[in-house]
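Asker: Got a predicted structure plus its sequence, pasted below:
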Amino acid sequence: MNGLHIAGLTIEYSSGDYVVRPIDGLNLSVPPGELVLLLGPSGCGKTTLLSVLAGILKAHSGSVRFNEINVGALKERALTDYRRATVGVVFQAFNLIPSLTAVENVAVPLLAAKVSTSKARARAEALLREVGLADRLTHKPAGLSGGQQQRVAIARALAHDPPLVLADEPTAHLDYIQVEGILRLLRELAAAGRTVIVATHDERLLPLADRIVELAPKGMSKPRPPEHLVVGRGDIIFRQGEPGDLIFIVWRGEVELVRARGDNSELVVDRVGAGRYFGELAPIFGLPRSATARATTDAVVTGYTPKDFRRQMGSPSMADMIIGADLQPLDQEPPGAGRIGQESS
Ligand SMILES: Nc1ncnc2c1ncn2[C@@H]1O[C@H](COP(=O)(O)OP(=O)(O)O)[C@@H](O)[C@H]1O
Ligand SMILES: [Mg+2]
């Protein structure tokens, strides 16, 4: 089966106990001659997916096949050959070498593959003509517009005439006229029988696609509104051992964190007053609650997802959060506080 076939693909990054899974169980087949747009906001996993397709990054599970090549199983020499001859990558930031002319930049992958200098030069010139840069052969990147630089990058990706072309945000920083030129080029690559995958969050590219694959930010919880709670003395906010996905800020009153001990006694591990937060470990590390949170007075608290919490706090680093640095005093209570147990919408 020719073309690109992705089955059950899952890609994870892990650092310590914290796992990000931008691609989770993706299935996709793209025949030769088709141009697919990977569309989605920043952070949804577009570059990650392209890196796996390019053989630069290993997937956690699932498979990627291109023209009968099982990309995930390639090793050493075969992987080098795949990266060089089968797949052409157009990077987001052009990645051109500033000290080299357009021709020399396009010739780099050919020279790396031991093509003779004269053949590499001839091929590079032909490619630059194809992308409309016949009159810019000896210009260096600094002397080219953004759109022209991107076209040099496309020519370079085509050096080995790869059947699979991947482009990561190829129109970032380009104006409308320049975008038109790039679109036409990408379209022509597919028309010539290549499989072309373009990652973008640029909606100007929509008309270009044979197919659009929307990458939603997966693995993260759905947007969840903050949970405002008004509690009385003795009310429980969460219990030890429960899973937890919210970090709480105390706006008014005091909350104690108590840990149950084997002999049925309790240990007060912390008392948290207004302007401080608690409950950060469970949501950040996916651990169960290590203590029970109980109000010692009438109190007002709000639970946030880690992402909203960071926004609320002006983005303290994870390290600051875990050390538990005290927050700036908060001068405003959140609107719409409700009774404990009440679902906020
Ligand atoms: N090397 C890495 N280590 C850990 N996490 C990463 C790494 N690269 C990307 N991520 C995370 O993976 C997610 C997807 O990133 P990315 O593929 O760059 O998205 P996009 O290209 O759609 O903007 C993001 O949450 C990002 O923070
Ligand atoms: Mg990206």
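Answerer: Received, thanks. Ligands and ions are numbered 1, 2, ... in the order given.
Asker: Without its sequence neighbours, what residue ends up closest to P288?
Answerer: Once flanking residues are discounted, P288 sits nearest to G241: 5.1 Å by CB to CB, 6 or more residues apart in numbering. In this view, the C-beta of every residue, glycine as well, is placed from N, C-alpha and C.
Asker: Name the helix or strand for the one you found, please.
Answerer: G241 belongs to no helix or strand when elements are defined using DSSP states H and E.
Asker: distance of it from E266?
Answerer: 14 Å (CB to CB, to the nearest Å).
Asker: Mutual contacts of these two, please.
Answerer: Shared contacts of G241 and E266 (CB atoms under 8 Å, 6 or more residues apart in numbering): none.
Asker: re earlier: unless I'm mixing things up, the residue nearest to P288 is touching R289, no?
Answerer: Yes. In this structure, G241 is within contact of R289 by CB atoms under 8 Å, at 6.3 Å.
Asker: Tell me the pLDDT of whichever residue of the chain sits closest to ligand 2.
Answerer: Closest approach of the chain to ligand 2 (CB to the ion) occurs at T47, with a separation of 3.2 Å. Among the per-residue scores, T47 holds a pLDDT of 94.
Asker: Now it. Nearest residue, chain neighbours left out?
Answerer: D168 (5.7 Å).
Asker: Enumerate every residue touching R83.
Answerer: 54-56.
Asker: closest to ligand 1 among the residues you listed?
Answerer: I56 (11.1 Å; CB to the nearest ligand atom).
Asker: Count residues in the vicinity of R21, would you?
Answerer: 17 (other CB atoms under 10 Å).
Asker: ok, it to ligand 1 distance?
Answerer: 8 Å (CB to the nearest ligand atom, to the nearest Å).
Asker: What mean pLDDT does stretch 109-116 get?
Answerer: According to the model, stretch 109-116 has a mean pLDDT of 93.
Asker: next one: stretch 291-310
Answerer: pLDDT averaged over stretch 291-310 gives 90.
Asker: for stretch 99-106, same thing?
Answerer: On average, stretch 99-106 scores 96.
Asker: Buried residues of that stretch, list them for me.
Answerer: Residues 101-106 are the ones in stretch 99-106 that count as buried (16 or more other CB atoms under 10 Å).
Asker: Once you drop chain neighbours, what's closest to P163?
Answerer: Leaving aside its sequence neighbours, P163 sits nearest to R194 (CB to CB, 6+ apart; 5.5 Å).
Asker: Near ligand 1, which residues of this structure? Just list them.
Answerer: Neighbours of ligand 1 within the chain, by CB under 6 Å from any ligand atom: 13, 20, 22, 40, 42-48.
Asker: Please identify which two of these are farthest apart in space.
Answerer: Y13 and G40 (16.8 Å; CB to CB).
Asker: Counting neighbours, go ahead and name the busier of these two.
Answerer: Set Y13 next to G40 and count neighbours by other CB under 10 Å: G40 wins out with 20 against 13.
Asker: And the pLDDT for the nearest residue to the more buried one once chain neighbours are set aside?
Answerer: Once flanking residues are discounted, G40 sits nearest to L215: 3.7 Å by CB to CB, 6+ apart. Per-residue pLDDT puts L215 at 85.
Asker: residue contacts, L215?
Answerer: 22-23, 38-40, 44-46, 49.
Asker: same question, Q240
Answerer: 258-260, 288-292.
Asker: Find the residue ranges of the stretch 201-345 of the chain scoring beneath the pLDDT cut-off.
Answerer: Within the stretch 201-345 of the chain, the stretches with pLDDT under 70 are 217-223, 286, 314-345.
Asker: sorry, back to before: give me the helices and strands touching the helix or strand containing the residue of the chain closest to ligand 2, please.
Answerer: T47 is part of helix 46-53 when elements are defined by DSSP H and E. When contacts are defined as 3 or more CB pairs under 8 Å, 6 or more residues apart in numbering; DSSP states H and E, helix 46-53 packs onto strand 4-15, strand 18-30, strand 35-39, strand 61-66, strand 164-168, strand 195-200.
Asker: Extract the CA atoms of it and return them as CSV.
Answerer: C-alpha atoms of helix 46-53 as CSV (Å, rounded to 0.1, in the frame of the first residue of the first chain):
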residue,chain,number,x,y,z
LYS,A,46,1.9,19.2,15.2
THR,A,47,5.7,19.5,15.3
THR,A,48,5.8,16.4,17.5
LEU,A,49,3.9,14.4,14.9
LEU,A,50,6.1,15.6,12.0
SER,A,51,9.2,14.7,14.0
VAL,A,52,8.0,11.1,14.2
LEU,A,53,7.0,11.0,10.5
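Asker: can you offset everything so residue one is 778?
Answerer: Taking 778 as the first residue, the last one we looked at is helix 823-830.
Asker: tell me the angle that helix makes with strand 838-843.
Answerer: 70 degrees (axes from the mean of the first three to the mean of the last three CA atoms, to 10 degrees).
Asker: Can you get me a residue count around the residue of the chain closest to ligand 2?
Answerer: So T824, with other CB under 10 Å, has 17 neighbours.
Asker: where's it relative to A967, distance?
Answerer: 21 Å.
Asker: Equivalent analysis for A862, please.
Answerer: For A862, the distance to A967 - CB to CB - is 19 Å.
Asker: who's more crowded, these two?
Answerer: A967 (22 against 15).
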